[in-house]
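S.K.: my questions are about this predicted structure, shown below with the sequence.
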Amino acid sequence: MRLQALILIAMTLATHTLCADAASPNVVIIFTDDQGYGDIGCFGAKGYKTPNLDRMAKQGRKFTDFYVAQAVCGASRVALLTGCYPNRLGMFGAPGPNAKHGIHPDEILIPELLKARGYATGMFGKWHLGDHRTSLPIHHGFDEYYGLPYSNDMWPHHPGVRHLPLEQRLKRWPHLPMIEGDKVIDAEVTPAEQARLTTDYTERALKFIAKNKENPFFLYLAHSMPHVPLFVSDSNRGKSRAGLYGDVMQEIDWSVGQVLAALREHGISESTLVIFTTDNGPWLSYGNHAGSAGPLREGKATSWEGGVRVPCIMQWPGKIPAGSICSTPAMTIDILPTIARLTGSGLPEHKIDGKDIWPLIAGEKKAKSPHEAYYFYWGKELQAVRRDRWSMHLPHSYRSLRDAPGNDGTPGAYLQKKTGQTLFDLEEDIGQRTDLSGTRKAIVAELTKLAEAHRKYVQENRREPAHH
């Protein structure tokens with residue numbers, strides 16, 4: 001019998017006793033799209049303000065060395081929701097319209113674990129784990145879903161194809177659908193409707209919180225923004241000093257403020273863990289429509305720090321120390337096992353890669369990373385390893401801007417660059433500018449050995465996605 005079926009049985013048996021368990025914390029994950037490391041005030045944003053996120057950091061904990069498993073939309077989300085490196089699950093890249101693969105039904109996602117504990121589960125926003133009906137959130141543990149099945153640029157109104165006749169545009173991208181549950185409720189999302197995405201997702205999230213305030217819940221609010229093409233509501237348009245991108249980020253900050261205010265108004269802030277982070281670094285080729293990697297090297301779709309290191313803030317009054325900072329490396333794969341620990345949920349029977357990082361989140365003295373190292377892939381290639389302060393890159397090619405970035409929604413061109421085996425001290429050189437591999441050969445040898453072992457581990461423990 002599938003593990004999912006066992007979980008559903010356990011849920012049925014446990015519901016009456018666990019729904020009323022006041023010790024079960026609510027969990028809210030707010031996940032943005034293509035937001036840069038430097039795109040929040042407390043991480044160095046300029047030209048616009050993010051007062052709600054800054055306040056969240058003052059009332060909670062800021063993570064300066066937080067990572068995604070792969071710097072691209074779909075693979076990153078797989079890692080967050082399953083606790084696994086996406087390469088072990090065969091989930092690469094960003095599956096688009098009519099993708100032939102999606103998340104496998106035997107994978108156990110965060111909402112499935114929590115449903116077994118009597119939690120209500122809701123998701124509002126971008127999914128990107130496959131658009132086939134059986135791959136949608138409603139079939140993977142979420143009671144409610146409203147949002148886009150993939151990125152908002154997979155759309156015939158994208159600036160890159162807008163000059164073509166609609167018939168030609170549709171050969172590249174079909175109309176963008178809005179889905180509720182597992183039904184398409186709007187077959188042709190328009191630019192005007194994209195301008196309401198952040199607001200619509202937020203309003204749905206607020207209704208979900210109000211509806212489930214008396215019982216434990218898991219809310220996954222996955223904003224489509226600030227992925228290009230950028231859209232913002234009329235109420236936030238032109239309000240920043242950083243153009244459309246700044247307007248979009250201020251609207252996301254507004255959304256965070258709405259969620260946090262709802263938790264306070266319903267008297268459940270102190271029983272709710274809130275996590276804010278993003279799926280990868282900025283899409284730098286879009287210039288003034290892209291975010292900032294701050295001091296980090298490169299951006300989205302690379303394994304350099306600007307692609308895989310992301311801003312993260314966590315808040316839980318009374319449980320997470322206010323105004324604190326964690327500089328120990330952590331990753332989205334660690335969210336599932338940490339939530340499992342906090343909610344008393346059992347881990348999946350199959351192997352996962354994340355580990356419980358609650359001691360780091362709670363600011364316990366002498367807390368250390370439970371991982372020997374973290375590993376970073378692009379596609380099927382292992383490209384980088386981080387252990388403690390050290391970041392080692394294996395020989396690989398990567399994309400970088402050829403000249404100047406694009407402007408107003410049109411991207412600039414990329415070229416392919418290559419790196420040899422390099423080593424960086426991230427405590428002294430966050431921008432990865434000085435290669436120390438020639439003078440720190442013992443560390444290079446140790447990390448190379450770890451990389452070889454991890455390649456073997458992934459190969460021997462690979463699971464397949466669902467094929468449609």
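M.R.: That came through fine.

S.K.: going by C-alpha atoms from here, please, whenever you check contacts or count neighbours.
M.R.: Will do.

S.K.: per-residue pLDDT, I333?
M.R.: We have a pLDDT of 98 for I333.

S.K.: and the spatially closest residue to it that is not a sequence neighbour, how many residues sit next to it?
M.R.: The shortest distance from I333 to any non-neighbouring residue, by Cα to Cα, 6 or more residues apart in numbering, is to G83 (4.0 Å). The burial count assigned to G83 is 28, neighbours taken as other Cα atoms under 10 Å.

S.K.: same check on E270?
M.R.: The number of residues packed around E270, counting by other Cα under 10 Å, is 15.

S.K.: show me what contacts it?
M.R.: Applying Cα atoms under 8 Å, 6 or more residues apart in numbering to E270 gives the contacts 316-318.

S.K.: got the residue ranges for the helices in the stretch 201-350 of the chain?
M.R.: Ranges of helices in the stretch 201-350 of the chain, per DSSP state H, counting those that start in this stretch, are 243-265, 305-308, 335-343.

S.K.: return the most buried member of those.
M.R.: Greatest average neighbour count among the helices of the stretch 201-350 of the chain goes to helix 305-308 (a mean of 30), per mean count of other Cα atoms under 10 Å.

S.K.: list the contacts of it.
M.R.: The contact list for helix 305-308 (Cα under 8 Å, 6+ apart) reads 36-37, 67-71, 280-282, 293-294, 296-302, 376, 431-432.

S.K.: hang on, the earlier thing: reformat the helices of the stretch 201-350 of the chain as CSV; add distance to H175.
M.R.: Output for the helices of the stretch 201-350 of the chain, formatted as CSV (distance: least, Cα to Cα, whole Å):
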stretch, distance to H175
helix 243-265, 23
helix 305-308, 29
helix 335-343, 34
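
S.K.: so which of these is nearest A384?
M.R.: helix 305-308 (9.8 Å; Cα to Cα).

S.K.: residues of stretch 424-437 that come out buried?
M.R.: The neighbour-count check on stretch 424-437 (16 or more other Cα atoms under 10 Å) flags 424-426, 430-432, 435-437 as buried.

S.K.: ok, so of those, who is nearest P359?
M.R.: Nearest member of the buried residues of stretch 424-437 to P359, counting by Cα to Cα, is L426, at 22.6 Å.

S.K.: on that earlier part again, which ones among the contacts of helix 305-308 are found in strands?
M.R.: Within the contacts of helix 305-308, residues falling in strands by DSSP state E are 67, 376.

S.K.: save the buried residues of stretch 424-437 as a markdown table, and put in distance to G90 and pLDDT too.
M.R.: Below are the buried residues of stretch 424-437 laid out as a markdown table (distance: Cα to Cα, whole Å; pLDDT from 0 to 100):
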| residue | distance to G90 | pLDDT |
| --- | --- | --- |
| F424 | 29 | 99 |
| D425 | 31 | 98 |
| L426 | 30 | 98 |
| I430 | 31 | 98 |
| G431 | 31 | 98 |
| Q432 | 29 | 98 |
| D435 | 32 | 98 |
| L436 | 33 | 98 |
| S437 | 32 | 98 |
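
S.K.: so which of those comes closest to S327?
M.R.: L426 (11.0 Å).

S.K.: I figured that closest one hits D435, correct?
M.R.: No - checked against Cα atoms under 8 Å, the pair L426 and D435 is beyond contact range at 10.9 Å.

S.K.: the residue most central in space within the chain and I185, how far apart?
M.R.: Taking Cα atoms, centre = their mean, the centroid of the chain lies closest to D279, which sits 3.1 Å from it. Distance, D279 to I185, using Cα to Cα, to the nearest Å: 26 Å.

S.K.: the chain - how does it break down into domains?
M.R.: If you go by automatic domain parsing, the domain ranges for the chain are 3-19+27-368, 376-467.

S.K.: give me the mean pLDDT for stretch 44-60.
M.R.: Stretch 44-60 carries an average pLDDT of 98.

S.K.: any idea how far apart the tips of that stretch sit?
M.R.: By Cα to Cα, the extent of stretch 44-60 from end to end equals 18 Å.

S.K.: buried residues in it?
M.R.: By neighbour count with 16+ other Cα under 10 Å, stretch 44-60 contains the buried residues 45-46, 48-60.

S.K.: hmm, who's touching that stretch?
M.R.: Applying Cα under 8 Å, 6+ apart, the external contacts of stretch 44-60 come out as 38-42, 240-242, 246-247, 249-250, 253-254, 256-257, 294, 313-317, 320-324.

S.K.: now list the buried members of these.
M.R.: Using 16+ other Cα under 10 Å as the burial test, the contacts of stretch 44-60 include 38-42, 240, 242, 246-247, 249-250, 253-254, 256-257, 294, 313-317, 320-322, 324 as buried.

S.K.: confidence score at the closest residue to P465 other than its chain neighbours?
M.R.: Residue nearest to P465 in three dimensions, not counting chain neighbours: H104, with 4.7 Å by Cα to Cα, 6+ apart. pLDDT, H104: 97.

S.K.: H104 and D253, how far apart?
M.R.: Here H104 is placed at a distance of 33 Å from D253 (Cα to Cα).

S.K.: try T64
M.R.: On the measure of Cα to Cα, T64 and D253 end up 19 Å apart.

S.K.: one more: H467?
M.R.: 37 Å.

S.K.: and if you look at P25?
M.R.: For P25 relative to D253 (Cα to Cα), the value is 23 Å.

S.K.: worst-scoring helix or strand of the protein, pLDDT-wise?
M.R.: The least trusted helix or strand in the chain, going by mean pLDDT, DSSP states H and E, turns out to be helix 3-18, with a mean of 42.

S.K.: for W127, give me its contacts.
M.R.: Per Cα under 8 Å, 6+ apart, neighbours of W127: 77, 136-137, 147-150, 222.

S.K.: what about it, which helix or strand?
M.R.: Using DSSP states H and E, W127 is not contained in any helix or strand.

S.K.: next one: A451
M.R.: Under the criterion of DSSP H and E, A451 resides in helix 441-460.

S.K.: am I right that E464 is in a strand?
M.R.: No - E464: not assigned to a strand; according to DSSP: H, G, I helix; E, B strand; the rest coil it is coil.

S.K.: follow-up on the earlier one: isn't the residue nearest to I333 right up against K351?
M.R.: No - with contact defined as Cα under 8 Å, G83 does not count as touching K351 (9.4 Å).
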